[in-house]
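Chemist: Starting from these lines, generate the structure:
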Amino acid sequence: MNHQNAEELTRDSVALLQQLVGFDSVSRNSNLPIIDFIERHLREHKVVCMRVPSPDGKKSNLLARIGPDVAGGIVFSGHTDVVPVDGQDWHTDPFTVTESDGKLFGRGTADMKSFIAICLALVPQLMEMKLVKPIWFAFSYDEEVGCLGAPHLLEYIVKHIPLPAFAIIGEPTMMQVVTAHKGVVSFETMVTGLEWHSSQPHLGVNAINTACKLINLLMSESAGLVDNGMRDERFDPPYSTVHVGTIQGGTARNIIPKECKFQWEIRPLPGEDFEVIVERFMKRCDELRAQMQKKYPGADIINHPMSHMSGVTLPASAHTNCQAVMRCALTNRELAVSFGTEAGVFNDHGVPAIICGPGNIEQAHKPNEFIELSQIHACVEFMLRLTFDASLFK
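Modeler: Residues are numbered from 1 along each chain as shown. Coordinates of the predicted model:
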């Protein structure tokens, strides 16, 4: 490997990262400005680009091809959105890359704009290669709020382009190769009761009380998974989990609360039948709704699905490609993680996916998020080895 070339590409990657972090692409905002920047960079190098917009047109995925328009080849995939910085104690401007002690601080440096920057830095070199199989870039929107963009992107791929052989999702794994992760299914539950003076609680319908009964059920389901559910020691924890993340309700101490909403999730092991938990929860909602409506017909419990990401287990058909990726990553270990990625969306649409990217997931979503500069360099070297591995492009 030309180490001088790797050093130059690392510098180019950092320069591009500085520009990418400068876009406030928090999921609540449109990602079109950062997509415009990425597409402009790609088109300047004569890369074929296709946009796959959101249904309302306010956001977009971007698909780009280097090499021939044939089946096979690799997809390098990353999401353009980041999580908010609201209420976090940042010591630097989160939308400006700040270097200190070999670390690059900024929102999205680890999760996962560094990987996108490395892909973009490699474009001039990739365009000079005589590829017999394509290299694809797939950059999505709204991964952080439930993988909302990736399904539209994969539907487009299945319908409109020759199917790639496999995908690498560049989420932060410290450049380790991850071939399995848990799924994520999440809901927001809204309970509506009847406001009343707290001196006469029997005349109102207490939304918080009903929400607590539902949350107690979820906690019981969580304990059941620990004691009696599937186990897979590759994961930490080695069982499926149920979690309630937010709860909001009530107006004042002396008012029977009219509304209470909470958000909850299940993170099932690959192969765990989480639907039975959802069914039991929905059945309990029906029972409690009926009880509430006996006192007040306007009472209700409504569940809004928020996300559904499949768990990942690498299919046997992708074993050869996975071994080649592991060679390029200089590892002989396949890892499993508990966090979710867009790999499940790729797998569900017939494109086997693994996860391997720079940075540490422990830095993701936190104030003062950072990536070590050495991780960017390691990913550059990995990508160079990968693109020159002939076994991946037969």
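Chemist: Least confident secondary structure element in this protein?
Modeler: strand 312-313 (a mean of 90; mean pLDDT, DSSP states H and E).
Chemist: Just checking: what are the partner strands of that one?
Modeler: Strand pairing for strand 312-313, determined by DSSP bridges: strand 177-181 (antiparallel).
Chemist: then the strand it pairs with to CSV, C-alphas only?
Modeler: Below are the C-alpha coordinates for strand 177-181, written out as CSV (Å, rounded to 0.1, in the frame of the first residue of the first chain):
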residue,chain,number,x,y,z
VAL,A,177,-16.4,-6.2,11.3
VAL,A,178,-19.9,-6.6,12.6
THR,A,179,-22.1,-9.3,11.0
ALA,A,180,-25.0,-9.4,13.5
HIS,A,181,-27.1,-6.9,15.4
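Chemist: begin at 2 from here
Modeler: In the new count, where the first residue is 2, that last one comes out as strand 178-182.
Chemist: quick one: that strand to chain centroid distance?
Modeler: 14 Å (Cα atoms, centre = their mean, to the nearest Å).
Chemist: Provide the angle between the direction of the helix or strand where residue 379 lies and the direction of strand 178-182.
Modeler: Here residue 379, judged by DSSP states H and E, is contained in helix 374-388. Relative orientation of helix 374-388 versus strand 178-182 (axes from the mean of the first three to the mean of the last three Cα atoms, to 10 degrees): 90 degrees.
Chemist: So for helix 374-388, what gets flagged as buried?
Modeler: For helix 374-388, burial by neighbour count (16 or more other Cβ atoms under 10 Å) applies to 374, 376-388. Where C-beta positions appear, they are placed from N, C-alpha and C, glycine not excepted.
Chemist: after the least confident helix or strand of the chain, next one along is what?
Modeler: Following strand 313-314 toward the C-terminus (DSSP H and E): helix 320-329.
Chemist: any residues touching that following helix, and which ones?
Modeler: 166-167, 169, 178, 180, 315, 333-335, 353, 355, 357, 383, 386-387, 390, 392-393 (Cβ atoms under 8 Å, 6 or more residues apart in numbering).
Chemist: cool, stretch 214-225 as well?
Modeler: Defining contact as Cβ under 8 Å, 6+ apart, one finds that stretch 214-225 is touched by 190, 192, 242-245, 248, 263, 265, 278, 281-282, 285-286, 289, 302.
Chemist: Out of the residues you listed, who's the most crowded?
Modeler: Neighbour counts for these, by other Cβ atoms under 10 Å, peak at residue 192, which reaches 29 neighbours.
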